[in-house]
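# this one's structure only:
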């Protein structure tokens, strides 16, 4: 079940990155690194995605 959650979270995350413009993607890159670090540290994929989303909204606004 955890693997399925990770796959779903990764799919949602990649769709968010690919849906934006080039400037939005450049803005999101530091937040993506936060997400990757969270996953690498053993964080839950949903919590890491929430952290990414908070970072993106704080740094990039609401595109």
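It's in. Small disclaimer: the values here were computed from a predicted structure and weren't measured.
# Tell me where this structure has helices.
Ranges of helices in the chain, per DSSP state H, are 2-19, 22-40, 45-60.
# buried ones in the second one?
Which is helix 22-40. Counting neighbours by 16 or more other CB atoms under 10 Å, one finds that the buried residues in helix 22-40 are 24, 27, 28, 31, 32, 34, 35, 38, 39. All C-beta atoms are positioned from the backbone trio N, CA, C, and that covers glycine.
# count of residues packed around residue 54?
Counted with other CB atoms under 10 Å, the burial measure for residue 54 works out to 12 neighbours.
# what's the pLDDT at it?
Confidence at residue 54, expressed as pLDDT, is 91.
# Check residue 29 too.
87.
# coming back round to it: taking the buried residues of helix 22-40, tell me the two that lie furthest apart.
24 and 39 (21.4 Å; CB to CB).
# Wait, residue 35 touches residue 51, no?
Yes: in terms of CB atoms under 8 Å, residue 35 counts as a neighbour of residue 51; the distance is 6.8 Å.
# Next, give phi and psi for residue 43.
Main-chain dihedrals, residue 43, degrees, to the nearest 10: phi -70, psi 160.
# what about it, distance to residue 26?
The gap separating residue 43 from residue 26 is 24 Å, by CB to CB, to the nearest Å.
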